[in-house]
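Asker: What follows is a predicted protein model with its sequence.
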Amino acid sequence: MTEKEKRDLGMIYNPNYDPELQKEMLKCKDICFAFNQLPPSDIEQRGAILRKLLGRSGKNCTILSPFWCDYGSQIEVGDNFFANHNLVILDGAKVRFGDNVFIAPDCGFYTAGHPVKVAERNEGLEYARPITVGSNVWIGGGVRVLPGVTIGSNVVIGAGSVVTRDIPDNVIAFGNPCRVHRHLTPEELAAAIPPSEA
């Protein structure tokens, strides 16, 4: 079994010396570098690079530089996706975003984790768990989303939060660790577009 196959099965794997994974990561980093060097006004070329880099890109996808990811092909974004400066996505596993997702500056989505056992960690072993974000979601500045987390639809995650566990639909959540503080009111949900119709 290859290291990539282990990764995709959620097993412990070693990406550090695997030629296939190293080639994919270097290609991705080169694309990110090229994207980050483009003038902000070159909207057409920036869009073309994102469509080439991402596994799926819906209509109206905007990511402001700088942006970094590990593979790119593991990232799927829906329609009307906006990410402000300094987005980092470590996409060893799938990272999926629904429609109408807005991400503030300095946010990170990390599918990668490492063993607690010192000897295994020192070998460079890691694992990857998918991250899923629903539709109609606003992620505040400086948020960190950790491996294996699902964030529901119609959610606001407050600035500075560290999201270590799943967050249900229709809530405002914040803190470290991130916790639900209240449900959205019917008035706040009135304009929400159901994910199936977005």
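Answerer: Received the coordinates, thanks. If you're wondering where the values come from, they're calculated on a predicted model, not measured in any experiment.

Asker: From now on I want contacts and neighbour counts done on CA atoms only, so please keep to that.
Answerer: Noted.

Asker: Which stretches in the chain count as helices?
Answerer: Ranges of helices within the chain are 3-8, 19-37, 43-53, 118-122, 186-189, based on DSSP state H.

Asker: which stretches of this protein have low pLDDT?
Answerer: 191-198 (pLDDT under 70).

Asker: 50 - rerun?
Answerer: Within the chain, the ranges that satisfy pLDDT under 50 run 198.

Asker: and of the helices of the chain, who's closest to residue 108?
Answerer: Nearest of those to residue 108, taken as Cα to Cα: helix 19-37 at 15.4 Å.

Asker: just the angle between the closest one and helix 43-53, please?
Answerer: 170 degrees (axes from the mean of the first three to the mean of the last three Cα atoms, to 10 degrees).

Asker: Tell me the helices and strands packed up against helix 19-37.
Answerer: Applying 3 or more Cα pairs under 8 Å, 6 or more residues apart in numbering; DSSP states H and E, one finds that helix 19-37 contacts helix 3-8, helix 43-53, strand 67-69.

Asker: For those, give me TSV that also has distance to residue 185.
Answerer: TSV is the format used below for the helices and strands packed on helix 19-37 (distance: least, Cα to Cα, whole Å):
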stretch	distance to residue 185
helix 3-8	39
helix 43-53	36
strand 67-69	34
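
Asker: Deepest-packed of these, please.
Answerer: Of these, the one with the most neighbours on average (mean count of other Cα atoms under 10 Å) is strand 67-69, at a mean of 21.

Asker: what sits up against that strand?
Answerer: Here strand 67-69 makes contact (Cα atoms under 8 Å, 6 or more residues apart in numbering) with 28-29, 32, 35-36, 85-91.

Asker: which one among those gets closest to residue 157?
Answerer: If you rank these by distance to residue 157 using Cα to Cα, residue 87 comes first, at 15.5 Å.

Asker: picking up where we left off before, adding distance to residue 65, write the helices of the chain out as TSV.
Answerer: Formatted as TSV, these follow (distance: least, Cα to Cα, whole Å):
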stretch	distance to residue 65
helix 3-8	28
helix 19-37	5
helix 43-53	10
helix 118-122	31
helix 186-189	31
